[in-house]
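[1] give me coordinates for this.
(2 chains)
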There are 2 protein chains.
Amino acid sequence: MEQKSEWRSHGGRQQVWTHASSATGTDMTFSIFLPEGEGPFPLITYLSGLTCTHANVTEKGEFREAAARLGLAILAPDTSPRGSDVADDPAYDLGQGAGFYVDATEAPWAPHFRMWSYITEELPALAAAHFPLDMARQGITGHSMGGHGALTMALRHPGRYRAVSAFAPIVAPSQVPWGEKALAAYLGPDKTLWAAHDAVALIDAGARLPDLLVDVGDADSFLQPQLKPELLRAACDTAGIPLTLNLRPGYDHSYYFISSFMTSHLEWHAARLG
Amino acid sequence: MEQKSEWRSHGGRQQVWTHASSATGTDMTFSIFLPEGEGPFPLITYLSGLTCTHANVTEKGEFREAAARLGLAILAPDTSPRGSDVADDPAYDLGQGAGFYVDATEAPWAPHFRMWSYITEELPALAAAHFPLDMARQGITGHSMGGHGALTMALRHPGRYRAVSAFAPIVAPSQVPWGEKALAAYLGPDKTLWAAHDAVALIDAGARLPDLLVDVGDADSFLQPQLKPELLRAACDTAGIPLTLNLRPGYDHSYYFISSFMTSHLEWHAARLG
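    Predicted coordinates:
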């Protein structure tokens, strides 16, 4: 692990690190905010959306005031492996910057696009070893494609993430253009294999969360046909999962939206992490 | 005036506008945040530092939560005229992105580099005509070169800015390398002409403020020889200007520093603007 930078901010430390990842076979970069004090701190993992790196939320997410006040560490990974020897696609919604938080099985993606293993196994182990974190108190959240990652990881790891939320998430990738394109590319055409990476399908198949907070802007240009929060609403209602779904009037898909509700999400997480 | 973008954020509206400026003879871009409601809102002008545009503070300043809560409009201009027909210099600290908030008198800068007139006359008149602002309740602040601009503008317009603060400001440009280079280029070699654009010199010559808030990081790599807050401390003490000068341990010159203390600055302004 190599520390690339550190800034003092809101009484804590905002750091950026790079390390050689065994999961992706590439160097990976992440940011972590550590509040003031010795810890161990509860850890919130924030997964970013299409085209983003760790930097977008780190610079524009406005999470540090609340994280410092609530004593939360915030971990922000990249959205895919990157590099000139890593497969890519000219489209913004496939390849580098668009890992979709799966372990790819298809060519040319399979060798490096292993974001599921990276985020659920390698990165938490690395973070636990290097930072003063209380890994028994973890939350997960994310934006758009990262909201998809947060929901699927929480649904498939019962008890690991004691607080789960999302900003404008993709909730049913098997049923929307972004997801159909990416899951077909990374996992192949057999849609039965996609269900493990589809929050609505996981809930329909019996996966559960204690509760869930989702914010979406009603002026989000991706609301239809990509996000479709009504599918999550229906699945949670049927499953009996308490879903707080806030449709925010006038808000779009940008960090101006995310930052507006970041504090309320971190307060949701803190209340559940004790 | 042409509106380039608008985002709903923190209950208000974050907008970016472009207009043909008579002061600079170029198109100029600024951002403005308007809180929820009808107004008229008190107006805080934030002047940015070297290399910045309106975008840096708009994206990274973390001002909207406090501005929305306190009912303040936030105006963020660019730092110079720009364009392929505008004089420039390859250095980061002269020319485009480095207007130093003066009206240049020297070639090749004089035709367009008129940021003093733009910020003190043209832009406030334009803003007052287009937005629901209470121009009797104005504050001004800024960062680094923009802190220099905020201090000199407030000192030379007694009563206009009822609240004044700065983040890591250049306080005595006549005495530090950044200022010596820029003022010589823009105003010529006669240092007596620089005093009108030097906060410490203005205070020494009798200009006054009711009070003043300044935050500077003690890990700011520009603290010496560029910022020298001790010169402002001495000038204010001699002049009897109440200066709250916070030397913040471990903070640098970045927006991670600015955003950490933005809320406390806006609360300072709100308390003085009623």
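[2] which SS class is A:Arg272?
    What DSSP: H, G, I helix; E, B strand; the rest coil gives for A:Arg272 is helix.
[3] which bits of chain A sit near chain B?
    Counting by C-beta under 8 Å from any C-beta of the partner chain, chain A comes close to chain B at A:7-11, A:14, A:59-60, A:62, A:64-65, A:217, A:219, A:248-252, A:254-257, A:259-260, A:263. Bear in mind the C-beta positions are built from the backbone N, C-alpha and C, glycine included.
[4] and A:Asp190, how many neighbours does it have?
    For A:Asp190, the neighbour count with other C-beta atoms under 10 Å in any protein chain shown is 10.
[5] how about A:Glu106?
    Neighbour number of A:Glu106 under other C-beta under 10 Å is 14.
[6] can you tell me the closest non-neighbouring residue to it?
    Distance criterion C-beta to C-beta, 6 or more residues apart in numbering or on different chains; nearest residue to A:Glu106, sequence neighbours excluded, is A:Gly188 at 5.1 Å.
[7] just the buried members of the residues of chain A next to chain B?
    A:7-11, A:14, A:59-60, A:62, A:64-65, A:217, A:248, A:251-252, A:254-257, A:259-260, A:263 (16 or more other C-beta atoms under 10 Å in any protein chain shown).
[8] among these, which are in strands?
    A:Trp7, A:Arg8, A:Ser9, A:Gln14, A:Gly217, A:Arg248 (DSSP state E).
[9] mind listing the residues bridging to the fourth one?
    Spelled out, that is A:Gln14. Note on A:Gln14: beta-bridge partners by DSSP bridges are A:Trp7, A:Phe33.
[10] what are the buried residues along stretch A:166-182?
    A:166-176, A:178-179, A:181-182.
[11] now stretch A:106-118
    A:Trp109, A:His112, A:Phe113, A:Arg114, A:Met115, A:Trp116, A:Tyr118.
[12] mind checking pLDDT for the fifth one?
    At A:Met115, the model reports a pLDDT of 98.
[13] just the ones in helices from the buried residues of stretch A:166-182, please.
    A:Trp178, A:Gly179, A:Lys181, A:Ala182 (DSSP state H).
[14] is it true that the first one touches A:Val171?
    No: when contacts are counted by C-beta atoms under 8 Å, A:Trp178 is not listed as touching A:Val171 (11.4 Å).
[15] could I get the buried residues of stretch A:106-118 as a markdown table with secondary structure?
    Putting those into a markdown table (three-state DSSP) gives the following:
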| residue | secondary structure |
| --- | --- |
| A:Trp109 | coil |
| A:His112 | coil |
| A:Phe113 | coil |
| A:Arg114 | strand |
| A:Met115 | helix |
| A:Trp116 | helix |
| A:Tyr118 | helix |
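[16] of those residues, which is the nearest to A:Gly240?
    Set against A:Gly240, the nearest of the buried residues of stretch A:106-118 by C-beta to C-beta is A:Trp116 (26.9 Å).
[17] residues touching the closest one, list them.
    A:Trp116 is in contact with A:Tyr101, A:Val102, A:Asp103, A:Met153, A:His197, counting by C-beta atoms under 8 Å, 6 or more residues apart in numbering or on different chains.
[18] and those residues, which of them are buried?
    For these, buried by 16+ other C-beta under 10 Å: A:Tyr101, A:Val102, A:Asp103, A:Met153, A:His197.
[19] so which of the residues you listed comes closest to chain B?
    A:Tyr101 (25.6 Å; C-beta to the nearest C-beta).
[20] and the closest one, what pLDDT?
    Taking A:Tyr101 on its own, its pLDDT is 98.
[21] check the gap between it and B:Gly188 for me.
    60 Å (C-beta to C-beta, to the nearest Å).
[22] ok, A:Trp194 - contacts?
    A:Pro173, A:Ser174, A:Gly179, A:Leu183, A:Leu187, A:Ala201.
[23] er, A:Gly39 actually
    A:Ala73, A:Phe131, A:Pro132, A:Leu133, A:Asp134.
[24] widest-spaced pair of these?
    Using C-beta to C-beta, these reach their maximum pairwise distance at A:Phe131 and A:Asp134, which is 10.4 Å.
[25] give me the PyMOL select line for the contacts of A:Gly39, limited to the buried ones.
    Applying 16+ other C-beta under 10 Å to the contacts of A:Gly39, the buried members can be selected in PyMOL as follows:
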select buried, chain A and resi 73+131+133
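[26] and which of the contacts of A:Gly39 is nearest chain B?
    Proximity of these to chain B, judged by C-beta to the nearest C-beta, is greatest for A:Ala73, which lies at 16.1 Å.
[27] now that closest one, nearest residue through space, not along the chain?
    Using C-beta to C-beta, 6+ apart, the closest residue to A:Ala73 is A:Phe41 (4.1 Å).
[28] the one you found touches A:Pro35, doesn't it?
    Yes: A:Phe41 lies in contact with A:Pro35 (C-beta under 8 Å); the separation is 6.1 Å.
[29] if I look at the two, which residues touch both of them?
    Common neighbours of A:Phe41 and A:Pro35 (C-beta under 8 Å, 6+ apart) are A:Gly71, A:Leu72, A:Ala73.
[30] so what's the last one up against?
    Meaning A:Ala73. Residues in contact with A:Ala73 (C-beta under 8 Å, 6+ apart) are A:Ile32, A:Phe33, A:Leu34, A:Pro35, A:Gly39, A:Phe41, A:Pro42, A:Leu43, A:Ile44, A:Ala67, A:Phe131, A:Leu133.
[31] next up, the contacts around the most centrally placed residue in chain A.
    Chain A has A:Leu47 as the residue nearest its centroid, 2.4 Å off, counting by C-alpha atoms, centre = their mean. Shown in contact with A:Leu47 (C-beta under 8 Å, 6+ apart): A:77, A:79, A:101, A:119, A:140-143, A:145-147, A:149-150.
[32] helices along chain A, start to end?
    Counting by DSSP H, residue ranges of the helices within chain A are A:54-60, A:64-70, A:115-117, A:123-130, A:145-155, A:177-187, A:199-204, A:229-239, A:255-273.
[33] and the first one, what other elements does it pack with?
    Meaning helix A:54-60. Counting contacts by 3 or more C-beta pairs under 8 Å, 6 or more residues apart in numbering or on different chains; DSSP states H and E, helix A:54-60 packs against strand A:12-20, strand A:27-34, strand A:73-77, helix A:255-273, helix B:54-60.
[34] was I right to think A:Ala55 contacts A:Ser31?
    Yes: under the criterion of C-beta under 8 Å, A:Ala55 makes contact with A:Ser31 at 7.4 Å.
[35] which of these two has more neighbours?
    Between A:Ala55 and A:Ser31, counting by other C-beta under 10 Å, A:Ser31 is the more crowded of the two (23 against 14).
[36] that one is in contact with A:Gln14, isn't it?
    Yes: using C-beta under 8 Å, A:Ser31 makes contact with A:Gln14 at a distance of 6.7 Å.
[37] can you list residues touching both of those two?
    With C-beta under 8 Å, 6+ apart, A:Ser31 and A:Gln14 have common neighbours A:Thr58.
[38] picking that back up, now restrict the contacts of A:Ala73 to buried residues only.
    A:Ile32, A:Phe33, A:Leu34, A:Pro35, A:Phe41, A:Pro42, A:Leu43, A:Ile44, A:Ala67, A:Phe131, A:Leu133.
[39] quick one: the fourth one from chain B, how far?
    Taken as C-beta to the nearest C-beta, to the nearest Å, the spacing of A:Pro35 relative to chain B amounts to 12 Å.
[40] neighbours around the residue nearest to A:Met28 when sequence neighbours are not counted, how many?
    Nearest non-adjacent residue to A:Met28, counting by C-beta to C-beta, 6+ apart: A:Ser21, 4.3 Å away. Number of residues near A:Ser21 (other C-beta under 10 Å) recorded here: 23.
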